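>>> below are the sequence and a predicted model for it; my questions follow.
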Amino acid sequence: MPEKNKFGTFAGVFTPSLLTILGVIMYMRLGWVVGNAGLIGAIIIIIIAHVIAVTTGLSVSSVATDKKIGAGGIYYVLSRSMGIPIGGSIGIALYVGTAFSIALYLIGFSESFNAYFGFGTSIDDLRFTGTIALVSLTALALISTSVALKAQYIILAAIILSLVAVFLGTSEAAPQTIALFSTEGSVPMEVVFAIFFPAVTGFTAGIAMSGDLKDPKRSIPRGTLYAIGVGLIVYIILAIFLAVTVDSEVLKSDYNILMKIALFAPAVVAGIWGATLSSALGGILGGPRILQAMSIDKVTPKIFSKGKGANNEPVNALFMVFFIAEAGILIGELDVIARVVSMFYLTAYGFINISYFLESWANPDFQPSFKIKRWIGLLGFIACFIVMFKLDMIAMFGALAVIGGLYFWLQRKEVKIQSNDVWRSVWENVVNKGLKKIDSQDVENTNWNPNIILFSGRSDHQKYLLELGKTVSGRTGVVTNFKLILDKENKKPLKKTEQVVHDENFKELGIFARQIKVDNIYQGITNIASSFGFSGVEPNTIMMGWPKGMESSVEYSKMTETLLHLDYNLLYLDFDRKAKFGKYHTVDLWWRETDSKNAEMMLNIARFIIAAPKWNNTNIRVLFVNNNNVKEDILYKKITRLVNDLRVNVAIKIINNAVEQTPFYAIIESESAKTDLTIVGIPNYKIEKQAEFVLKTNNLFETIGSTLLVKAANNFNELDLDLIQEEKEE
């Protein structure tokens, strides 16, 4: 197999980049820019435009020296840093933009060529000349990329000769005074900037050749930055020369001023043709390589991934570029498309800069040999989007809408590559810093931030326990479900990768899921409760189904003692398999004098329940059993004050029971028989009373619907339910 022909810094990066930078804008519009903005204004515009070019060039150069840069240029950099969805969406947009920009360059060439030789300048004439030029350049690229790149040396020489001819020329319209700023009747600076900016968008032409470079890590930084630097110097010197040589009014009105003041006009004509053709050739060489790289990653159809020859020339992708460019030439009028295409380039530059910023900030493995300050990437990102907004807000939103649509399409397509994107590092960094911040703060009792360990088991009604667990955790709470696999011998635990459960039910609810082997269910729950979690996000709540038939279980008693000793909030759900949660319309909170901590926890749970979509039309009642003959108005006032403090809209019902002394559970049976969810506090009781409590509770559950038993930990406030003292104070 013949050895691949690889290109160095000068041929592969510097030359194609510089030829695209020193293009049509320099020849046809720089004088107009100076005339409208004045010398100082023009230099400011040139410098602001180059801030974006320089920051993006520095960012892409740094990323290029950290990891292997394959074919595809900007697409490859973004897809390996920020993932396929972002890299692919920007890559597709850049590819289409590059193909259409070829048409723009060739239409510009056709206008100059036809006018110089006296051919027709109608749209059909421009289409004819543009098509011939496109076929010729495509044929050149098909013959050999090497020949095409060598042809660029001739074009570069023509541009240099044209600049020499300009600087040796003279003008009959010399200015009386040099206009430093814009004068009356000038075009607004924003419009002038918009016309000039495409001049600096050519520096990525060399990056697109990354797969054909001998040493991309060395060539991309050097070639890109040298091209930007030379372009900046040429533009500033030429702007100064025009300002001191030609009157500003002439500069405003004559687009061909360089040709008229040049010592030898044909040299400038050759430069214009060379600039337009070289820019088009850069697109013809770079565009197919972007499409080929995307097809290799299965972002675009596989047919475009195939190449020919030792260099794997992207022939199929080249033909696709040809057809898109020809469509642009046949349209003839590309003003609207050109605006959006410019936005695609700016968007890409913005994402290159933010890609570098995120890599340097979050990725611990980011070690580029070309190091720059992190803020440079952030500055470039902000500058890109400010410029986009100022230049054309409608086109900016159009470009972002298209790129956003491509992003979501690629996300749904779920294209995978063997590369970690930066977002994982970003989230890990955010979580790490957040945990440290949380861990450094003292725990306060003002709010309950649920972090629930859930033991849901496997049953037909598991999803309802999962659903309620996520509901009572609120929007920011963390729920981790554990599946306990009983293995009496338990010689080998599950591998760490096997312990993570990937299930659509958990993913949809936003619940983390794990599975582990245990030799005893109750001991397994105790071990998890004792060890699971880490600093900053310690679990504070245990939730499980109500374990019927455990009234005489010693193991269950020990587990309960341990959970209480560890000071967990306990939530036990007795789920009514027949009624389920009814219509999600009624919730009863049962209070008694001894339930002060449980009462506050119930109100917190109620606050989370009414925020859940299924429960948003819920009627909540607080039912208080008055066993001490306290005046009802005092009770009502006291409970209202407590409820208002926690911002939960509830109805309050006082049940006077001083005379009847009806058992608490019997009152619940009569009042909450048809309630969709009843929440009852677990009282303090000695462990030897467990059997009695479980049996009484089981009997209650037979007569009412789904019920949540709660036992609050010590970090909850004690609500002041000393109503007898309240009555004395009244």
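In hand now; what should we look at?

>>> low-confidence ranges, the stretch 351-500 of the chain, go.
Within the stretch 351-500 of the chain, the segments meeting pLDDT under 70 span 364-365, 414-448, 490.

>>> any idea where the helices of it begin and end?
374-391, 393-413, 422-439, 462-472, 496-499 (DSSP state H, counting those that start in this stretch).

>>> looking at the ones you listed, which is buried most?
Stretch with highest mean neighbour count among these: helix 462-472 (a mean of 21; mean count of other CB atoms under 10 Å). From N, CA and C alone the C-beta is placed, and that goes for glycine too.

>>> for that one, packing partners?
strand 451-455, strand 478-486, helix 504-509, strand 541-545, strand 569-574, helix 596-611 (3 or more CB pairs under 8 Å, 6 or more residues apart in numbering; DSSP states H and E).

>>> again, only using 6 Å
helix 596-611 (3 or more CB pairs under 6 Å, 6 or more residues apart in numbering; DSSP states H and E).

>>> and the helix it packs on, what's buried?
By neighbour count on 16 or more other CB atoms under 10 Å, the buried set for helix 596-611 is 596-610.

>>> do stretch 46-62 as well
46, 48-62.

>>> mind listing the helices for the stretch 201-350 of the chain?
216-245, 248-253, 257-261, 265-296, 315-331, 335-362.

>>> just the CA trace of the third one, in CSV.
Read that as helix 257-261. Written as CSV, here are the backbone C-alpha positions of helix 257-261 (Å, rounded to 0.1, in the frame of the first residue of the first chain):
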residue,chain,number,x,y,z
ILE,A,257,-10.6,51.5,-5.6
LEU,A,258,-7.7,49.1,-5.1
MET,A,259,-7.7,48.3,-8.8
LYS,A,260,-7.7,52.0,-9.7
ILE,A,261,-4.8,53.1,-7.4
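
>>> identify the residues contacting that helix?
27, 31, 166, 169, 171, 246, 265, 268 (CB atoms under 6 Å, 6 or more residues apart in numbering).

>>> kindly recompute the last result at 7 Å.
Residues outside helix 257-261 that contact it (CB atoms under 7 Å, 6 or more residues apart in numbering): 27, 31, 166, 169-171, 245-246, 250-251, 265, 268-269.

>>> so which one among the residues you listed has the lowest pLDDT?
Ranked by pLDDT, the contacts of helix 257-261 bottom out at Ser171, which scores 75.

>>> and that residue, helix, strand or coil?
coil (DSSP: H, G, I helix; E, B strand; the rest coil).

>>> which residues does it contact?
245-246, 261.

>>> for those residues, give me TSV that also has neighbour count.
What follows is those, written out as TSV (neighbours: other CB atoms under 10 Å):
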residue	neighbour count
Thr245	20
Val246	23
Ile261	25
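
>>> returning to that earlier point: tell me which of the helices of the stretch 201-350 of the chain is the most buried.
helix 265-296 (a mean of 25).

>>> and that one, how far out from the chain's middle?
32 Å (CA atoms, centre = their mean, to the nearest Å).

>>> quick one: it to helix 315-331, angle?
Here helix 265-296 runs at an angle of 130 degrees relative to helix 315-331 (axes from the mean of the first three to the mean of the last three CA atoms, to 10 degrees).

>>> and helix 265-296, what other elements does it pack with?
When contacts are defined as 3 or more CB pairs under 7 Å, 6 or more residues apart in numbering; DSSP states H and E, helix 265-296 packs onto helix 15-21, helix 24-28, helix 74-82, helix 84-117, helix 123-143, helix 145-167, helix 257-261, helix 315-331.

>>> and the angle from that helix to helix 74-82?
Going by the same axes, to 10 degrees, helix 265-296 makes 40 degrees with helix 74-82.

>>> what's the angle between helix 265-296 and helix 123-143?
Using the same axes, to 10 degrees, helix 265-296 lies at 60 degrees relative to helix 123-143.

>>> okay, the angle between helix 265-296 and helix 145-167?
150 degrees.

>>> and the angle from helix 265-296 to helix 84-117?
160 degrees.

>>> roughly how far does Thr697 sit from Ser112?
The gap separating Thr697 from Ser112 is 91 Å, by CB to CB, to the nearest Å.

>>> what does Glu660 give?
Taking CB to CB, one finds Glu660 at 103 Å from Ser112.

>>> higher neighbour count, these two?
The neighbour comparison of Glu660 against Ser112 (other CB atoms under 10 Å) goes to Ser112, with 20 against 11.

>>> does that one touch Gly274 like I think?
No: using CB atoms under 7 Å, Ser112 makes no contact with Gly274, being 11.0 Å away.

>>> pretty sure Leu19 is touching Thr276, no?
No: counting by CB under 7 Å, Leu19 does not reach Thr276; the two are 10.1 Å apart.

>>> and stretch 660-678, which residues are buried?
664-665, 667-669, 671-672, 675-678.

>>> farthest pair in those?
The most widely separated members of these, counting by CB to CB, are Phe664 and Asp676 (20.7 Å).

>>> tabulate the contacts of Ser171 (a markdown table), appending distance to Ile284.
Formatted as a markdown table, the contacts of Ser171 follow (distance: CB to CB, whole Å):
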| residue | distance to Ile284 |
| --- | --- |
| Thr245 | 36 |
| Val246 | 35 |
| Ile261 | 32 |
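
>>> and which of those residues is nearest Lys470?
Val246 (71.8 Å).

>>> leaving out chain neighbours, which residue sits closest to the closest one?
Leaving out its chain neighbours, the residue that sits closest to Val246 by CB to CB, 6 or more residues apart in numbering is Ser171, at 4.8 Å.

>>> and the one you found, how close does it get to Gly35?
13 Å.

>>> and Leu410, what does it touch?
Per CB under 7 Å, 6+ apart, neighbours of Leu410: 84-85, 88-89, 299.

>>> what is the nearest of those residues to Val234?
Ser89 (34.0 Å).

>>> residues in contact with the closest one?
Applying CB under 7 Å, 6+ apart, the residues contacting Ser89 are 403, 406-407, 410.

>>> one more time with 10 Å
75, 78-79, 299, 347-348, 351, 402-411 (CB atoms under 10 Å, 6 or more residues apart in numbering).

>>> before we move on, back to that, okay, and the common contacts of Leu19 and Thr276?
The contact lists of Leu19 and Thr276 share Ile155, where a contact means CB under 10 Å, 6+ apart.

>>> quick check: Val387 touching Leu346?
Yes: contact criterion CB atoms under 10 Å: Val387 and Leu346 qualify, at 6.4 Å.

>>> what is in contact with these two at once?
Joint contacts of Val387 and Leu346 (CB under 10 Å, 6+ apart) are 52, 197, 396.

>>> just how off-centre is the one helix or strand the first one maps to within its chain?
Under the criterion of DSSP states H and E, Ile52 resides in helix 30-64. Centroid separation for helix 30-64 versus its chain: 28 Å, with CA atoms, centre = their mean.

>>> now do that helix against helix 374-391, angle only.
Going by the same axes, to 10 degrees, helix 30-64 makes 140 degrees with helix 374-391.

>>> Asp567 - that's part of a helix, no?
No: counting by three-state DSSP, Asp567 is located in no helix; its state is coil.

>>> can you count the residues close to it?
11.

>>> check Gly202 too.
28.

>>> check what pLDDT it gets.
pLDDT, read off for Gly202, is 73.

>>> that one against Ala280, yeah?
No: the pair Gly202 / Ala280 is not scored as a contact, 11.6 Å apart, by CB under 10 Å.
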